[in-house]
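Asker: structure of the sequence below:
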Amino acid sequence: MALSGVNKSETSIFLWSLSYVICIFIAYYLLRPVRDTLGLDAGISNLPWLFSGTLLAMLIVSPLFSWAVKRWTRIIFISISYRFFAGHLLVFSLLQLPFFSGIRAITGIAFFIWVSVFNLFVVSVFWSFVVDVFSADRGRRLFGFLAAGATVGGMAGSVLTLLAVDHAGPAGLMLMAVVMLEAGVRSARQAAAGITADTRGQDAGASPVGGTIFAGITHTFKSPYLAGIALFMVLYSVTSTFLYMEQAAIAARSFTDREARTAFFAGVDLWVNVFTLLAQVFLTSGVIRWLGVTVTLAILPAVTLTGFTLLLAAPSLMLFILFQVVRRVTNFAFARPGREILFTAVTAEDRYKSKNFIDTVIYRFGDQIGSWSYGGASLAGSNFAALAFIAIPVSVLWLGLTLWLGRRHKQFEISSRQSL
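Answerer: Okay, here's the model as predicted:
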C-alpha cells in the first residue's frame, strides 16, 4: 500500500473506512434518482417548498444530533443513527405498494425531504469520523482516495439503479439501500476497532464528545474560521441549487414517465461519477499535496465563475449539461476533500457538532436562497440567464473567501507545529 500513499500502520483503518464510504454512497445513489422522480410528482413549482421543508427538518434534527453525539460514543452513535434511517426506509418501501397509491403525492413530498436530510447527515457523519481519525497530513494523502471510494459507491449505486429500476421499482431500490446501510455500519465498527492511539495522536473516540447540544451553532458563529467555512457552504449551495432547479425543469419537460425520469437522473449521476473517479484517482491527492489546500479549494469557484460567464454569453442546452457535469466532478474531486481538510484544524467537538451544523442546516439554508431565487425569477418571466448574471459576482466573492480560508488553515497548521 506504500505506493498509493497508505502506510502499513494505516492500512486496516483505511480499507475499512473505504468500505464504509462505498456502502453509504451505494445506498444514497440508489435513493437519489427515486427522490428526484418523486419530487417531480409534486410539480416543479413546488420544489422550493420541498427545500423549505428540508430546512425545517434540519433545524429539528440538528439539536438531536448534537444531543446524541454528547451522549454516545462515536461508533454507538453511527450504529444507532444509520439503523434509524434504515427503519424509515422500510416504512417508505411499504408505502410504495398499490394499496397506498392514493397518498403517492404526500409520500413523494415526505420522501424528498427525508432523503435530503438523510444524505447530508449520513455523509457528514462519515467525514466527521475520518476527520476525527486522521490528521491534516494524513488527510492530504488519504482523503482523495476516500473521496474516490465515495465515487465508486456512487457509480455502483447508479448502475444498480439503471439495472434494477424496471424490475424492482422504488420499493426494491429502498430495500437494497437498507442492506447497504447495514454493511456501512459493520464497516465503521471494523474501522473503529483498528484505531490506535497514534492514528491522530489523541483520544480515538472511546468517549462521547460531550459539550452542549447547541455548541455546533454557537461555535460556528463565534469563530471567524468556522463562519468562513459556513459562508463557503452557502455560496456553493446557492449556485448548486440554481443548476439543480434548471436540470429538474429540463427533465420535467423532456420525460413524462417516472421510470424514464429515474433512469435519466441515474444516467447523469453515473457519468458524473465516472469522470469524478478518474480525477480522484489521478489528480486529487497530487493537487492537494503539490498545490496545497488553498488552490484545491479555489478550483470549484473558479469553474463556477467560468461556467456561468459562458452561459450568460452563449446559453445552450449542451453547454448547460457540460457545465453541470464538470462542476459536480470538480466538487467531488477537489472541493469536498479540501473542505474536509479545513476541519482537521478544529476541536473534536467542532469536528462533529459545528461540522454537522454547517453540512446540514447551513447547506439547506443556501438551498432556500437558491430555490426561491429561481422560483421568483420564473414567476417574473426571467430565464436562466438572469440567474447566471447573479451567480457571477457570487462566484467572485466565493473565490476570494477560499483564498482567505486556505491562508487561515495554513496559519493553524504552523501554530500547531510550534506548540508540539
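Asker: rest of the way, CA atoms for contacts and neighbours
Answerer: Noted.
Asker: which strands or helices does the longest helix that the chain contains pack on?
Answerer: When the chain is scanned for its longest helix (criterion: DSSP state H), the result is helix 136-193. Helices and strands touching helix 136-193, by 3 or more Cα pairs under 8 Å, 6 or more residues apart in numbering; DSSP states H and E, are helix 11-41, helix 74-94, helix 258-279, helix 285-313, helix 336-342.
Asker: from Gly228, how far off is Val234?
Answerer: 10 Å (Cα to Cα, to the nearest Å).
Asker: what's the closest non-adjacent residue to Ala388?
Answerer: Among residues not flanking Ala388 along the chain, Phe308 sits closest, at 5.2 Å (Cα to Cα, 6 or more residues apart in numbering).
Asker: give me every residue that touches the residue nearest to Thr276 when sequence neighbours are not counted.
Answerer: Nearest-residue entry for Thr276: Val329, 4.8 Å, with adjacent residues in sequence omitted and distances by Cα to Cα, 6+ apart. When contacts are counted by Cα atoms under 8 Å, 6 or more residues apart in numbering, Val329 is found next to Val272, Asn273, Phe275, Thr276, Ala279.
Asker: and the helix or strand containing Val329, average pLDDT?
Answerer: Under the criterion of DSSP states H and E, Val329 resides in helix 317-330. Per-region confidence: helix 317-330 scores 88 on mean pLDDT.
Asker: tilt between the helix or strand harbouring Phe242 and helix 285-313?
Answerer: Under DSSP H and E, the secondary-structure element containing Phe242 is helix 224-254. Between the axes of helix 224-254 and helix 285-313, defined by axes from the mean of the first three to the mean of the last three Cα atoms, to 10 degrees, the angle is 50 degrees.
Asker: just to revisit the earlier point, neighbour count winner among Val234 and Gly228?
Answerer: The neighbour count for Val234 versus Gly228, taken as other Cα atoms under 10 Å, is higher for Val234 (25 against 18).
Asker: tell me the pLDDT at that one?
Answerer: 96.
Asker: now it: closest residue in space, sequence neighbours ignored.
Answerer: Spatially, and ignoring its direct neighbours in sequence, Val234 is nearest to Gly366 (4.5 Å; Cα to Cα, 6+ apart).
Asker: contacts only, for the one you found.
Answerer: Per Cα under 8 Å, 6+ apart, neighbours of Gly366: Met233, Val234, Leu235, Tyr236, Ser237, Val238.
Asker: show me the contacts for the second one.
Answerer: It stands for Val234. Counting by Cα under 8 Å, 6+ apart, Val234 touches Ile362, Tyr363, Phe365, Gly366, Asp367.
Asker: rerun that using 7 Å as the cut-off
Answerer: Contacts for Val234 (Cα atoms under 7 Å, 6 or more residues apart in numbering) come out as Ile362, Tyr363, Phe365, Gly366.
Asker: now Lys8: how far from Ala192?
Answerer: Lys8 is 17 Å from Ala192, by Cα to Cα.
Asker: Ser415 now?
Answerer: Taken as Cα to Cα, the span from Ser415 to Ala192 is 29 Å.
Asker: who has more neighbours out of the two?
Answerer: Neighbour count, other Cα under 10 Å: between Ser415 and Ala192, Ala192 has more, with 21 against 11.
Asker: where does the residue nearest to Val234 land in three-state SS?
Answerer: Following DSSP: H, G, I helix; E, B strand; the rest coil, Gly366 is assigned to helix.
Asker: which regions of the stretch 151-300 of the chain lie under the pLDDT threshold?
Answerer: Applying pLDDT under 70 to the stretch 151-300 of the chain picks out residues 195-213, 258-259, 262.
Asker: quick one on the thing from earlier: give the buried residues for the helix holding Phe242.
Answerer: Buried residues in helix 224-254, defined by neighbour count with 16 or more other Cα atoms under 10 Å: 225-248, 251-252.
Asker: quick check: of the contacts of Val234, which lies closest to Arg35?
Answerer: Tyr363 (18.0 Å; Cα to Cα).
Asker: who are the neighbours in contact with that closest one?
Answerer: Met233, Val234, Ser237.
Asker: how far away is the residue nearest to Leu297 when sequence neighbours are not counted from Met233?
Answerer: Take Leu297 and drop its neighbours on the chain: the residue closest to it by Cα to Cα, 6+ apart is Ala335, 5.2 Å away. Going from Ala335 to Met233 by Cα to Cα gives 10 Å.
Asker: quick check: neighbours shared by these two?
Answerer: Residues touching both Ala335 and Met233 (Cα under 7 Å, 6+ apart): there are none.
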